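# I need the structure of the sequence given here:
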Amino acid sequence: MSEGNASIHLREKSVEDRNRWHEVERERYRSELLEAGNSLQAAQANVDRNDAQLWVGDEPVKGQYIFDVIRGDEKIGTLWLGTTPVSDSEWWIYDIEIDEEFRGTGLGRPTLHAAEEFARGNGATQLGLNVFGSNAVARHLYETSGFHVKNVLMSKDLA
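Numbers count the residues shown, from 1 in each chain. Below you'll find the model as predicted:
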């Protein structure tokens, strides 16, 4: 059996792990926004807006789930998904990340499948996500997993 075919399951992060992850995730997301061409002010505003909508202090709002992605007994990644602020049936993958040492081994697709099953089992009728245009590997995974492009945000540097 190839590594990617191994059984994947989700385990809710401990409060300590979740809080550590949240701080790192805020910084990572801000950096990704900056790399995508956002100004520092716009990137920080985006991070702050997401926190205001999806967190109350150190706690995610009801309907948000932050998991360790587990293969066998080994943590291989992190998944954050939940309802959108608009609807309890429209869910969103806010973050999906396979740990660096496991990337490229076929674990992304079964992790997406686990996310879909969890969301469907909790009333989701739709699952969305955002991917930065420069992330060709992730875009390919999502497109070949049945996700369809709904919007395209484009920009041109005039400097």
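# What strand or helix carries G82?
Assigning secondary structure by DSSP states H and E places G82 in strand 74-83.
# quick one: the strands in this protein?
8-12, 55-56, 59-60, 64-71, 74-83, 90-98, 126-129 (DSSP state E).
# List the strands paired with the first one, with their directions.
The sheet places strand 8-12 alongside strand 64-71 (antiparallel), with pairing taken from DSSP bridges.
# Quick check: mean pLDDT of the strand it pairs with?
Taken as a whole, strand 64-71 carries a mean pLDDT of 98.
# and it with strand 90-98, angle?
Orientation of strand 64-71 against strand 90-98 (axes from the mean of the first three to the mean of the last three CA atoms, to 10 degrees) gives an angle of 40 degrees.
# Now do strand 64-71: everything it contacts.
3, 6-13, 17-18, 21-22, 54-55, 60, 75-83, 94, 98, 102, 107, 111, 114, 118 (CB atoms under 8 Å, 6 or more residues apart in numbering). C-beta: built from backbone N, CA, C; applies to glycine.
# change it to 6 Å
With contact meaning CB atoms under 6 Å, 6 or more residues apart in numbering, strand 64-71 is reached by 6, 8-13, 18, 54, 75-77, 79-82, 111.
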